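Q: Just to be clear, the model below is a prediction. Sequence and coordinates:
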Amino acid sequence: MRQFQTHNIPKDARGAAVAIGNFDGVHLGHQAIIDVARKQAKKNNTPLGILTFEPHPRTFFSKKHGKDLPPFRLLNASARFHRLEKLGVDLILEIPFDQQLCELSDWDFSQKILTDAFGLSHVVVGSDFCFGKGRQGNALSLSKHAEQLGFGITIAELKNHGEHVISSTNIRKALAEANPKKAAAMLGHWHRIEGTVEHGEKRGRTLGYPTINIAIDGLQAPAFGVYAVITDILTGPHAGHYKGVASIGVRPMFGQNKPNFETFIFDFDGDLYGETVSVGLIEYLRDEENFDGIDSLITQMGSDCLSARKILEEL
């Protein structure tokens with residue numbers, strides 16, 4: 001899979017059938033419009049791509065108005081790349097979301113970006129798609145532009161989970177409510193936190209539960225607490241699938257304020273520093289607690305591991 005962060009792309013990347021969106025989480029709704037684009041790409045014998053924006057429009061506008069936006073991303077860039085690659089996407093066309101782009105009318109975006117820059121053969125958008133200066137354009141106006149400019153378009157209906165639309169917003173809400181199963185039902189896969197294993201304070205090792213630490217900067221932290229998890233080690237000699245328990249929070253017992261994500265992998269004793277891992281949240285076990293002593297903490301950690309093992313036996 002190739003990724004381009006410029007309007008100047010090689011000739012063999014032009015003419016793609018693309019799905020347009022932010023693709024945060026790559027949830028079932030995103031997968032549905034990618035599937036539609038895939039069918040068009042196969043029909044027209046063109047590359048399959050996604051067209052997205054960086055930074056996220058929410059981030060751009062919050063900074064523009066001098067506001068500090070809490071972390072909200074479901075996936076970091078590398079995790080999104082890997083998820084899209086697994087879906088068979090050939091191209092990521094990542095447009096810089098800046099003031100210049102914001103000033104484009106919906107027609108100018110269609111002509112200058114979709115047609116002149118990328119020469120797209122077909123675009124797929126959700127029925128709630130809006131674009132152009134002041135969000136003046138929508139899926140219907142894009143259809144008119146497509147007819148005039150000579151590219152195909154499909155408007156995909158939104159997918160629902162029960163009574164709710166599948167959206168990144170509703171997935172964030174489920175994670176904030178400590179409901180990873182509900183989030184997974186909308187994602188089509190377990191919510192995962194992926195990153196490089198970093199050096200921590202190595203406090204878990206002294207307690208008999210050595211953990212791996214992954215930075216969650218820029219990501220929305222799920223509800224603080226302890227989770228049963230599955231861990232995929234993606235690189236290095238220990239690459240494979242493992243089970244374990246993870247803690248997300250500020251570790252109040254040790255006076256820490258920055259959210260921390262650490263995972264204890266069952267029946268494992270290898271060095272993972274610098275390796276890439278992906279941790280899937282399976283079930284919420286309990287809230288984060290402030291224990292009155294180390295012994296109480298160790299006892300609870302043992303209980304957490306027993307609970308997690310029982311849950312994970314069924315996977």
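A: That came in fine, so what should we check first?

Q: Hmm, residue 33 is touching residue 17, no?
A: No: contact between residue 33 and residue 17 fails when scored by Cβ atoms under 8 Å: they sit 11.0 Å apart. All C-beta spots, glycine's among them, are computed from the backbone N, C-alpha and C.

Q: overlap in contacts of these two?
A: residue 124 (Cβ atoms under 8 Å, 6 or more residues apart in numbering).

Q: State the phi and psi torsions of residue 209.
A: Main-chain dihedrals, residue 209, degrees, to the nearest 10: phi -130, psi 80.

Q: who's in contact with it?
A: 264, 298, 301, 305.

Q: Pull up the gap between residue 287 and residue 11, please.
A: 56 Å (Cβ to Cβ, to the nearest Å).

Q: Give me the more crowded residue out of those two.
A: residue 287 (11 against 7; other Cβ atoms under 10 Å).

Q: Looking at the contacts of residue 209, which two lie furthest apart in space?
A: Pairwise distances across those peak at 12.1 Å for 264 and 298 (criterion: Cβ to Cβ).

Q: Among those two, which residue is more densely surrounded?
A: The neighbour comparison of residue 264 against residue 298 (other Cβ under 10 Å) goes to residue 264, with 23 against 14.

Q: Please name every helix or strand in contact with the host helix or strand of that one.
A: Taking DSSP states H and E as the criterion, the element that holds residue 264 is strand 260-265. Strand 260-265 sits against strand 212-214, strand 225-233, strand 240-249, strand 276-286, with contacts defined as 3 or more Cβ pairs under 8 Å, 6 or more residues apart in numbering; DSSP states H and E.

Q: what are the pairing partners of the last one, and which direction each?
A: Paired with strand 276-286 in the same sheet, following DSSP bridges, are strand 192-198 (antiparallel), strand 225-233 (antiparallel).

Q: any idea which of those is most buried?
A: Among the strands paired with strand 276-286, ranked by average contacts under mean count of other Cβ atoms under 10 Å, first place goes to strand 225-233 (a mean of 22).

Q: Contacts for it, please.
A: 178, 180, 190, 212, 239-249, 263, 265, 272, 275-288, 304, 307-308, 311-312, 315.

Q: So among the residues you listed, which ones count as buried?
A: 178, 180, 190, 212, 242-249, 263, 265, 272, 275-285, 304, 307-308, 311-312 (16 or more other Cβ atoms under 10 Å).

Q: So for the residue at minimal distance from the centre of the chain, what's the pLDDT?
A: For the chain, the residue nearest the mean C-alpha position is residue 75 (2.5 Å; Cα atoms, centre = their mean). pLDDT recorded at residue 75 is 94.

Q: now residue 201
A: 76.

Q: what about it, how many neighbours?
A: 14.

Q: Three-state assignment for it, please.
A: Here residue 201 is coil, with the state taken from DSSP: H, G, I helix; E, B strand; the rest coil.

Q: And it, how far from residue 20?
A: 43 Å.

Q: which regions of this structure lie under the pLDDT threshold?
A: 204, 252-256 (pLDDT under 70).

Q: the longest helix in it is where?
A: helix 294-312 (DSSP state H).

Q: from the chain's centre, how far out does it sit?
A: 29 Å (Cα atoms, centre = their mean, to the nearest Å).

Q: how big is the angle separating that helix from strand 225-233?
A: Counting by axes from the mean of the first three to the mean of the last three Cα atoms, to 10 degrees, helix 294-312 lies at 60 degrees to strand 225-233.

Q: If you count neighbours, what's buried in stretch 115-128?
A: For stretch 115-128, by 16+ other Cβ under 10 Å, it's 115, 117-118, 120-126.

Q: So which residues make contact with that stretch?
A: 7-9, 13-21, 29, 33-34, 36-37, 40-41, 44, 46, 51, 93, 114, 139, 142, 146, 149-158.

Q: so how far is it off the chain centroid?
A: That offset, for stretch 115-128, works out to 22 Å (Cα atoms, centre = their mean).

Q: show me the contacts for residue 247.
A: Counting by Cβ under 8 Å, 6+ apart, residue 247 has contacts 211, 225-227, 260-263, 288.

Q: all strands of the stretch 1-150 of the chain, in order?
A: With DSSP state E, counting those that start in this stretch, the ranges of strands along the stretch 1-150 of the chain come out as 2-4, 17-20, 48-54, 91-96, 122-126, 130-131, 137-138.
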